[in-house]
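> Here you go, sequence then predicted model.
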Amino acid sequence: MRFAGSTPKPIHGHIIPPRRFTGWAAVYFALFVCVPLLGLGFLLDLALYTIFRDLFDACYAVMCLLE
């Protein structure tokens, strides 16, 4: 994968390879971006479910289909 303007240029006589995504980058992305977002969404869904059930006495989302 080449980025715009990422032609390898020698730095002090050494050619530095361009950036690339690795398996560890995917692991860090999953742990530090995906998992917190999913957790935040879960907590928000749980809060909304509790509010709709207790305060409004109404069903919420998929729970309407299961009753």
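Yep, it's here. Bear in mind the structure is a predicted one, so any value in this text is a computation, not a measurement.
> contacts, neighbours, all on C-alpha from now
Noted.
> mind checking the longest helix of the protein?
When the chain is parsed with DSSP state H, its longest helix is helix 35-54.
> Next secondary structure after that helix?
helix 63-66 (DSSP states H and E).
> So which elements touch that following helix?
With contacts defined as 3 or more Cα pairs under 8 Å, 6 or more residues apart in numbering; DSSP states H and E, there are no secondary structure elements packing on helix 63-66.
> mean confidence for that helix?
Averaged across helix 63-66, pLDDT comes to 72.
> again with stretch 17-25
Mean predicted confidence for stretch 17-25 is 88.
> Quick one: end-to-end length of that stretch, please.
17 Å (Cα to Cα, to the nearest Å).
> per-residue confidence for the residue lying farthest from the centre of the chain?
Distance from the C-alpha centroid of the chain, by Cα atoms, centre = their mean, peaks at G13 (39.4 Å). As predicted, G13 sits at a pLDDT of 88.
> any idea which element P17 lies in?
Using DSSP H and E, no helix or strand contains P17.
> what separates it from P8, distance-wise?
P17 sits 6 Å away from P8, going by Cα to Cα.
> same check, this time on A30
Plainly put, A30 is 30 Å away from P8 if you go by Cα to Cα.
> Right, I'll call it a day here.
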